[in-house]
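Asks: coordinates only, sequence not included:
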């Protein structure tokens, strides 16, 4: 990752995470993790692939672990001060959207309880 992108991510106020998963022919679960933010240096929207990560399993905990791996590759960690997570973008799969054991609910409660949501 370039130094300019690192600086942009450190200076931006808000990020959105986009995640979609797939299973390939060998039955390997993978998650595509993207970060969307407004670049403070150019005032333009940026969509960046954080990573295509192998998931241990397709359950919510496996997807959340994959999201953490993808974000850490771009030096974004939920436990550090930095940009607030303002949006989670998923498809309508229950593993992603479920309000009790879905990725969105668990990610908010476990990793981002201090962030702002709209």
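Replies: Thanks, I have the structure now. Everything numeric here is computed off the predicted structure, so don't read it as measured data.

Asks: CA only for contacts and neighbour counts going forward, please
Replies: Will do.

Asks: okay, and residue 19 sits in which element?
Replies: Of the helices and strands defined by DSSP states H and E, residue 19 is found in strand 14-23.

Asks: ugh, wrong one, residue 105
Replies: With elements delineated by DSSP H and E, residue 105 resides in helix 103-110, which encompasses its position.

Asks: before we move on, what SS does residue 42 have?
Replies: Three states are possible here, and by DSSP: H, G, I helix; E, B strand; the rest coil the one that applies to residue 42 is coil.

Asks: ok, now how distant is it from residue 85?
Replies: Going from residue 42 to residue 85 by CA to CA, to the nearest Å gives 20 Å.

Asks: same deal with residue 6?
Replies: If you go by CA to CA, the gap between residue 6 and residue 85 works out to 17 Å.

Asks: related to what we said a few turns ago, more neighbours: which of residue 42 and residue 85?
Replies: Of the pair residue 42 and residue 85, residue 85 is the one with more neighbours under other CA atoms under 10 Å, namely 21 against 9.

Asks: residues touching the nearest residue to that one once chain neighbours are set aside, list them.
Replies: For residue 85, ignoring the flanking residues on the chain, the nearest one in space by CA to CA, 6 or more residues apart in numbering is residue 15 at 5.1 Å. Contacts for residue 15 were tallied using CA atoms under 8 Å, 6 or more residues apart in numbering; they are 35, 36, 37, 38, 83, 84, 85, 86, 87.

Asks: narrow those to those that are buried.
Replies: Using 16 or more other CA atoms under 10 Å as the burial test, the contacts of residue 15 include 35, 36, 37, 38, 83, 84, 85, 87 as buried.

Asks: now render these as CSV, adding secondary structure and pLDDT.
Replies: Conversion of these to CSV gives the following (DSSP: H, G, I helix; E, B strand; the rest coil; pLDDT from 0 to 100):
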residue, secondary structure, pLDDT
35, strand, 89
36, strand, 91
37, strand, 91
38, strand, 91
83, coil, 74
84, strand, 75
85, strand, 75
87, strand, 80
